Structures are given as structure tokens and as C-alpha cells.
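[1] Make a model of this:
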Amino acid sequence: MPKKKVPVEPAAPARSACVIGAGLGGLALALRLQAHGFAVTLIEAQPGAGGMIRRRDTAGYAFEEGPGELGELAPWHDLAAASGCDFADLAALREITPACRFYWRDTAAFDLTADPAEQARQLGRIAPHDIAGFEELQRWYVSARADAWQRLADKPLAGPAQAAAALPAVLRNQGWRTVWGLVSHLIESEQLREVLAMPVLLSGANPFDASALSLLGQLAPGKAAWWPSGGMSALVEALLARFEALGGRVRLHDPVVQLDLIGNRVSAVVTQSGWREHFGTVASNADVVHTYRDLLRHSPRGAQMSKRLARRDYAPSAVVVHFALAGTWPGVPHRAVLFAARFKELLGDIFTAGVLPQDGLILLHHPSVTDPSLAPAGTSLFRATLPVAHLGKLPVDWEALAPLIAGRVLSEVGRRLIPDIHDRVVAQAVSTPRDLALDLGAHFGGGWSLEASPLQAALQRPPHRDPKLANFYLVGAATHPGAGVAAVLAGAKAAATLIHREQ
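    Alright, predicted model coming up:
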């Protein structure tokens, strides 16, 4: 009796790659792989690209989530150059002035600005004895970014040897200190310490736990912040258009549901529509837990990594209150932080205890003051972000709580900045951790994946290439060097370098 023939999978085209997820990390990786000569297909579950940078239209207003500014521009220029264009071809930039304003309940506001004279005046007003320490911190940013960040961030950490080689740079640049420890070493004023430690919250890190080197991925004090005309979503659209212009294929609104394996290699990608195709290389910019638990659910590696990831600590989430107001508010800056009465204790509620505090820290964005095209004439666009614990620590009914929190946030903004705010609201929308979990597949509804803690740094994060799967790679907030715009762009460069070297 003749033996039954076993179907043979067709060979994947040489130098072909699939990138799952068109968030910032996925887009950057796709563009860099094109530069290395790969034929790239980009697949996205949502109707549009951007991932955490997402835009929702409500009552004629374009409410946008994600980063509120561009800080260090070098990674953007580097990405544009890799794709064969100038960054000016992708985005028209507007300077955000001041870079950020900080409000406390009982004192005047404080500005971080790129104007040295104005910055000196601001420091002289609230912390004159800390001017020398502030300048020392600025010098640390410059030297540590050139020394430690360039050695660590956009280079693949493929094993202990690479990590060991980077250790001297970590020690030289005080990476053994926490963010709060470094800032407190240089600064005496408690208020100025809060200002200078605050940026790492924008990457989901706790300044009382994360390494001081986490600051290097954020906007340095005294540096300009920038806004792309049309918003961050316009920049995402420009990146996607560049990718397609270079021959890249895009599948939107068709989530990947399964990765097929042959031996230790991913052989094919399957989407919800039934589309299936073979690739020589596959990379995921999707949530890391979703990737292993769901997309690789039929493989031993998927089960193994799912159990391992379940034991990890995850960064917090956020409630985002979008609102449009009648009137214009030139005195309210593009970026602001409204501090609560507590700082360290409040972060403990969010990162550790899983408590929903009564006194929330509010990150306020007012993009229409920089880019009036974002709102109809005579109106203004705002976004208030309230960091909260993720769903694993705070499993509450967010649908019921959302309107209550939105009202509380609006009242606080009104109390401090816009007294008749409730009478001026013309459009409003709220996003909660539940929305991030349902819409984006974010584990626990978190905004920054794995928490940036000492035990979850460098080689303790999932590597860019899975050690057991020879052609499967990761990019995004979960892997090295972590969350935040600069870190994700650096990670995409490192992953592209590794794929080019190995595939």
C-alpha cells in the first residue's frame, strides 16, 4: 500500500518579512527592514496604523491619544534617512513653548523651557540654590546619552557578553541610582525634584524604582519640544505612506490570529479574514502577552512564554479624558502637569497598591494652542491623562467609573485653570484601561507593557529574537530598551540590525 503523502509547505520567498502591528515600533521596523532589502508586509488589526497613537473623531473633533510631543529629534532624522528621505518630508514641526509647565496647588507654576535666560529666571524664582545642580543634571544628560544610551539603546543585546560589555557605561553614568536618587543627589528642592523625575512616568516607569538611565529616553531639561503639524497621527500616516511608496504591502483591519510553525521556525501568518502567507522572517509589534498566549497558542513555546510572562510586573494604565471647549486659551500651554498634594505616596497607590486615589496627577495637553488647525475657529482641544493602576491590580467597572472620573478631572482643571469649564464643553470622550485591553489587546489594559524596574531591564526583558524560534522577533515597549517614543524607535533599529545580520 503506497504511503500517504504529507503536504509540504511552500518555501517562503528569500528576504521576505512580516511585521505584525503597525504601532510606532512596527512602522519603524518595517521601514528599516526595507532599507536592508527585505520585502515587507505590515499587518494591523485596527482600521488605521499607529497603535497607541490613535485618533478618534467625536462631534467633529479629532481626539488623539499617545505621545504629546516629539523630544529628541535625532532618532526621527535617523529613521527618515534609513528610508531615503528627510524628516522634513514626513513632518512639519512646530516648537512647543514652554516645553512643559508644572502646577502645584499652593505655589506659582514652573516652566521647563529651551530659552536659557527664561529657564534661569524660572529656577531663580522657585529654587535659586539648585541652579548649579540643574546645570549638572543637564551635563549628565549630554554625557550619559552619548556614552550609555548609544551603547545600550539601539544595539541588540543578544546575550550576556553584550550586557557585560555595556556594564561599565552603566556604572560610569550612575545607572545604579534610581531616577529619584540621581535627581535628589543634585537637587534640594522637593518641587524641582518632582519636575525632573516626572518625565519617566511618560514611559510607564516609577521614578522611585527605575534606573536613572530611564531619563535618557525622555526630553532633557532645557531642550525644545516639538509638535508635528496635524498631530502625531499625521506623522504616523506619513510613515505609512512612505512605507507603501517604497513597495511595502499593508493589510489593515485584519488581525493576525495564528502563527504556524514548522520545527523551530514560524512558517506562515494567518489572519482573521482567512488570509495566509509564508514569510522568511516574522516580527511582532503586538502586545507581548497576546503574541505568545494567543498567536502562538498551538506551540509549546507559546505556552512556556505565557507562563513566564504571567509572573512579570506590568506598567500602569491611564484614563484619558478628551474634551473640546468653546473659546481659546492662549495662557494654557500645550503641555502641563497638575501635581496632586502627594507625589511618592500617589505613585505607590498606582504602581504598588492598586488603589484609585482621590487626588490624581493630571497630564494636560492643549495641542490646539500650538496647532490651531486641530480645532474649529473659536474652540480649543484638550486631553487630560490620569495615570491609574492596570486591570490586574485595579479590576473595577471602568464603564461605570469613566463619567465620574471625567467629571472630577474637568472640575480640577477648572479649579486651577478654566473656572467655567463645565459650561464650555462642546465635545467629550473618555478612554479607560478597559478600552486599551479590548481595542489594542494590551495586557491588563496597560499603556507601556512590562514595568521598567531593575529586575526587568536589559536581558531581563524579552529579547528581540526569541531564543527558541530562529526567525521570530519582537519589537516595541516589552523588549529592550523599553517603553517611550525614543526607546521604541531605538529598539526597532536594534531589531532591524539583528534581523539583517541573522536572516
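[2] hmm, who's touching stretch 331-348?
    Taking contacts as C-beta atoms under 8 Å, 6 or more residues apart in numbering, the residues outside stretch 331-348 that touch it are 68-69, 96-105, 111, 194-195, 198, 201, 206-208, 225, 227, 357, 359-367, 369-370, 412-413, 416-418. From N, CA and C alone the C-beta is placed, and that goes for glycine too.
[3] Dump that stretch to PDB, restricted to CA.
    Provided in PDB are the C-alpha atoms of stretch 331-348 (Å, rounded to 0.1, in the frame of the first residue of the first chain):
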ATOM      1  CA  GLY A 331      -2.500  81.100  28.600                       C
ATOM      2  CA  VAL A 332      -2.800  77.400  29.000                       C
ATOM      3  CA  PRO A 333       0.300  75.700  27.500                       C
ATOM      4  CA  HIS A 334       0.500  72.800  25.100                       C
ATOM      5  CA  ARG A 335       1.900  70.500  27.900                       C
ATOM      6  CA  ALA A 336       1.200  70.800  31.600                       C
ATOM      7  CA  VAL A 337       1.400  68.700  34.700                       C
ATOM      8  CA  LEU A 338      -1.100  69.300  37.500                       C
ATOM      9  CA  PHE A 339       0.500  67.800  40.600                       C
ATOM     10  CA  ALA A 340      -1.500  66.400  43.400                       C
ATOM     11  CA  ALA A 341      -0.900  67.100  47.000                       C
ATOM     12  CA  ARG A 342       1.100  63.800  47.200                       C
ATOM     13  CA  PHE A 343       3.800  62.500  44.900                       C
ATOM     14  CA  LYS A 344       5.600  59.500  46.200                       C
ATOM     15  CA  GLU A 345       2.600  58.100  48.000                       C
ATOM     16  CA  LEU A 346       0.400  58.700  45.000                       C
ATOM     17  CA  LEU A 347       2.800  56.700  42.800                       C
ATOM     18  CA  GLY A 348       2.700  54.000  45.400                       C
END
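[4] excluding its backbone neighbours, what's nearest A163?
    Spatial nearest neighbour of A163, chain neighbours left out: L459 (5.0 Å); criterion: C-beta to C-beta, 6 or more residues apart in numbering.
[5] Read off the pLDDT value for that neighbour.
    Taken from the predicted model, the pLDDT recorded for L459 is 75.
[6] what about it, distance to S83?
    Distance of L459 to S83, given as C-beta to C-beta, to the nearest Å: 30 Å.
[7] Neighbour count: these two, which is higher?
    For L459 and S83, the more surrounded residue by other C-beta atoms under 10 Å is S83, and the numbers stand at 20 against 14.
[8] got the buried residues for the helix or strand where T497 lies?
    The secondary structure element spanning T497 is helix 485-502 (assigned by DSSP states H and E). Judged by neighbour count (16 or more other C-beta atoms under 10 Å), helix 485-502 contains these buried residues: 485-500.
[9] again with stretch 461-478
    Under 16+ other C-beta under 10 Å, the buried positions of stretch 461-478 are 461-466, 469, 471-478.
[10] correct me, but the residue nearest to A163 touches A161?
    No. Using C-beta atoms under 8 Å, L459 makes no contact with A161, being 10.5 Å away.
[11] does V250 count as helix, strand or coil?
    Reducing the assignment at V250 to three states with DSSP: H, G, I helix; E, B strand; the rest coil gives strand.
[12] if we can go back for a sec, which of the contacts of stretch 331-348 count as buried?
    When these are checked against 16+ other C-beta under 10 Å, the ones flagged as buried are 68-69, 96-104, 111, 194-195, 198, 201, 206-208, 225, 227, 357, 360-367, 369-370, 412-413, 416-418.
[13] residue contacts, the nearest residue to L498 once chain neighbours are set aside?
    Excluding the flanking residues, the one nearest L498 by C-beta to C-beta, 6+ apart is P156, at 4.2 Å. Going by C-beta under 8 Å, 6+ apart, P156 touches 162, 464, 480, 494-495, 497-498.
[14] so what pLDDT did P156 get?
    According to the predicted model, the pLDDT of P156 comes to 78.
[15] How about R265?
    R265 carries a pLDDT score of 96 in this model.
[16] go on, the one 10 residues further on?
    According to the per-residue confidence, W275 scores 98 in pLDDT.
[17] so it makes contact with R251?
    Yes. At 7.0 Å, W275 counts as touching R251 under the criterion of C-beta under 8 Å.
[18] Neighbour count for the two, which is higher?
    Set side by side, W275 and R251 show unequal neighbour counts under other C-beta under 10 Å, the larger going to R251 at 19 against 12.
[19] For that one, which non-adjacent residue is spatially closest?
    Nearest-residue entry for R251: I43, 4.7 Å, with adjacent residues in sequence omitted and distances by C-beta to C-beta, 6+ apart.
[20] how many other residues sit next to the one you found?
    Applying other C-beta under 10 Å, we find 25 other residues in the vicinity of I43.
[21] Could you measure from it over to N471?
    Computed with C-beta to C-beta, the distance linking I43 and N471 is 16 Å.
[22] Who is V320 paired with across the strands?
    Legend: beta-bridge partners of V320 under DSSP bridges are T385, S431.
[23] Next up, the contacts around it.
    Contacts were defined as C-beta under 8 Å, 6+ apart; by that measure V320 touches 65, 383-386, 430-431.
[24] pLDDT-wise, what's the bottom of those residues?
    Summarising pLDDT for these: the lowest-scoring member is E65, with 93.
[25] Centre of the chain to stretch 467-476, how far?
    21 Å (C-alpha atoms, centre = their mean, to the nearest Å).
[26] pLDDT weak spots in the stretch 1-150 of the chain?
    1-11, 107 (pLDDT under 70).
[27] ranges for the strands of it?
    Assigned by DSSP state E, counting those that start in this stretch, the strands in the stretch 1-150 of the chain fall at 16-20, 39-43, 55-58, 61-64, 93-96, 100-103, 110-112.
[28] Give me the helices and strands touching the first one, please.
    Looking back up the chat, that one is strand 16-20. Contact partners of strand 16-20 among helices and strands, from 3 or more C-beta pairs under 8 Å, 6 or more residues apart in numbering; DSSP states H and E: helix 24-35, strand 39-43, strand 281-284.
[29] now swap in the second one and tell me
    Secondary-structure packing of strand 39-43 (3+ C-beta pairs under 8 Å, 6+ apart): strand 16-20, helix 24-35, helix 232-245, strand 249-251.
[30] and with 10 Å instead?
    Contacts defined by 3 or more C-beta pairs under 10 Å, 6 or more residues apart in numbering; DSSP states H and E place strand 39-43 against strand 16-20, helix 24-35, helix 232-245, strand 249-251, strand 265-271, strand 281-284.
[31] Need these in CSV (columns: distance to A310).
    Rendered in CSV, the data for the helices and strands packed on strand 39-43 read as follows (distance: least, C-beta to C-beta, whole Å):
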stretch, distance to A310
strand 16-20, 21
helix 24-35, 23
helix 232-245, 31
strand 249-251, 30
strand 265-271, 22
strand 281-284, 18
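[32] just so I know, which of the ones you listed lies nearest A74?
    The stretch from those with the least distance to A74 (C-beta to C-beta) is helix 24-35; that distance is 13.7 Å.
[33] Could you break the protein into its assigned domains?
    The chain is divided into the following domains under automatic domain parsing: 16-92+229-313+451-502, 134-223, 316-447.
[34] ranking these by mean pLDDT, which is last?
    In terms of mean pLDDT, the lowest-scoring of the domains of the chain is domain 134-223 (a mean of 88).
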